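Novice: what follows is a predicted structure for the sequence shown.
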Amino acid sequence: MERFPDKIAAAVFVTAFMPLSGTTATVLLNEVASIIGGLGDSTFYYANGKENPPTSFKFGTQFARQFLSQNSPPWDLTLWESLERKFPLWQEPLLYTAKDYGSVRRIYVVSKEDKALVEAFQRKMIAENPPQMVYEIEGSDHTVFFSKPLELAEVLMKIANMRV
């Protein structure tokens, strides 16, 4: 969004981090962990040694079942677990400007039953960094695409059909 604002019609944050400028992934994960009481069997990886910040992260299976996909069908959870990989954590503070990042329309989709990015945390991000629109999906967990795929598709179609 910061680098190519003219190429993005809208950014959709589906129960996702919508960080303020100056934030890092580790800070956000630590904030989530403090709200929900830890990250369970999830793992931080340290390519540069444990004395340095972590470089990647992977959700643990039990954490995913309890906090990310508690409302999702078991066959989708099995598929997700077979495909899930660690993901990189950005170390430098995320920096963006009102001119570029701020010019892209942002839409946030609140997952009402997300146990990882709990609704209060989602609402905090929305308040600190207000998007142009907010949708809510009742009964959805963190993996909205599994727990409420039709409702998510409906929201995405509404967004796609908006005039820019």
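Specialist: Arrived safely, thanks for sending.

Novice: who does the helix or strand bottoming out on mean pLDDT in the chain touch, helix- and strand-wise?
Specialist: Sorting the helices and strands of the chain by mean pLDDT, DSSP states H and E puts helix 74-83 at the bottom, at a mean of 83. Here helix 74-83 touches helix 144-147, going by 3 or more CB pairs under 8 Å, 6 or more residues apart in numbering; DSSP states H and E. C-beta here means a position set from N, CA and C on the backbone, and glycine is covered the same way.

Novice: which parts of the helix it packs on are buried?
Specialist: For helix 144-147, the neighbour count (16 or more other CB atoms under 10 Å) marks Val144, Phe146, Ser147 as buried.

Novice: and stretch 73-91, by the same measure?
Specialist: Here stretch 73-91 shows Leu77, Trp80, Leu89 as buried, counting by 16+ other CB under 10 Å.

Novice: I'd guessed Val14 sits against Val109; true?
Specialist: Yes. At 4.4 Å, Val14 and Val109 qualify as touching, with contact defined as CB atoms under 8 Å.

Novice: out of those two, which sits in the busier spot?
Specialist: Set Val14 next to Val109 and count neighbours by other CB atoms under 10 Å: Val109 wins out with 23 against 20.

Novice: after the least confident helix or strand of the chain, which helix or strand is next?
Specialist: Sequence-wise, the next helix or strand downstream of helix 74-83 (DSSP states H and E) is strand 87-88.

Novice: still on that earlier bit, give the residues shared as contacts by Val14 and Val109.
Specialist: Residues touching both Val14 and Val109 (CB atoms under 8 Å, 6 or more residues apart in numbering): Val144, Leu152.

Novice: now stretch 30-44 - C-alpha only, CSV.
Specialist: The C-alpha trace of stretch 30-44 is given here as CSV (Å, rounded to 0.1, in the frame of the first residue of the first chain):
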residue,chain,number,x,y,z
ASN,A,30,3.4,-10.1,22.1
GLU,A,31,0.4,-7.8,22.7
VAL,A,32,-2.0,-10.6,21.5
ALA,A,33,-0.2,-13.1,23.8
SER,A,34,-0.6,-10.8,26.8
ILE,A,35,-4.3,-10.4,26.1
ILE,A,36,-5.1,-14.1,25.6
GLY,A,37,-2.6,-15.5,28.1
GLY,A,38,0.1,-16.8,25.8
LEU,A,39,0.5,-18.4,22.4
GLY,A,40,0.4,-22.0,23.6
ASP,A,41,2.4,-24.5,21.6
SER,A,42,3.3,-21.9,18.9
THR,A,43,7.0,-21.4,18.1
PHE,A,44,9.2,-18.4,17.5
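
Novice: no more questions from me, cheers.
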